[in-house]
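> Test case, fold it:
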Amino acid sequence: MEAMNSAYAPYSQFRVGAALLGEDGSISVGCNVENASYPAGLCAERAAVAHMVVQGVKRFSAIVIATEAEVPTPPCGICRQVLMEFAPDLAVLSVTRSGAEAQWSMSDLLPHAFTPTSLGRT
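A predicted model of the protein is given here:
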């Protein structure tokens, strides 16, 4: 929730925070950062991934996404693709300020994903 409170969302008013748990126990947070040039914005989940990678952690076990929506919100499509790259078995938990929760696995959210193996790499 604290990361969500830091979000910069003057256009959508849809603030999102994310906390990513590395397999080594480290935690990285991110928030969405919008921009007047909409494609230049950054989702909370990808911000958390970038911060984790900067720390040298590239294997994740869980992510928590916080919003003020009434219904728990899963990651958007591009965030699903980025998360899948690093953690095909990632546990995804979405929570709302009102206490609603939902949980998915990455494979449920992005079946038949494009992965490094799609490129012939493992």
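> which stretches of the chain form strands?
Assigned by DSSP state E, the strands in the chain fall at 16-22, 27-31, 60-67, 91-96, 101-105.
> I'd like the ones you listed laid out as TSV, including mean neighbour count.
Placement of C-beta: from N, CA and C, glycine included. Written out in TSV, the entries for the strands of the chain read as follows (neighbours: other Cβ atoms under 10 Å):
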stretch	mean neighbour count
strand 16-22	24
strand 27-31	21
strand 60-67	22
strand 91-96	19
strand 101-105	14
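> Mind putting those into TSV with distance to residue 41?
Shown next, in TSV, are those (distance: least, Cβ to Cβ, whole Å):
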stretch	distance to residue 41
strand 16-22	11
strand 27-31	11
strand 60-67	15
strand 91-96	19
strand 101-105	23
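> Need these in JSON lines (columns: distance to residue 37 and mean pLDDT).
As requested, these are exported to JSON lines (distance: least, Cβ to Cβ, whole Å; pLDDT from 0 to 100):
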{"stretch": "strand 16-22", "distance to residue 37": "19", "mean pLDDT": "98"}
{"stretch": "strand 27-31", "distance to residue 37": "19", "mean pLDDT": "98"}
{"stretch": "strand 60-67", "distance to residue 37": "23", "mean pLDDT": "98"}
{"stretch": "strand 91-96", "distance to residue 37": "27", "mean pLDDT": "98"}
{"stretch": "strand 101-105", "distance to residue 37": "31", "mean pLDDT": "98"}
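> No further queries at this time; thank you.
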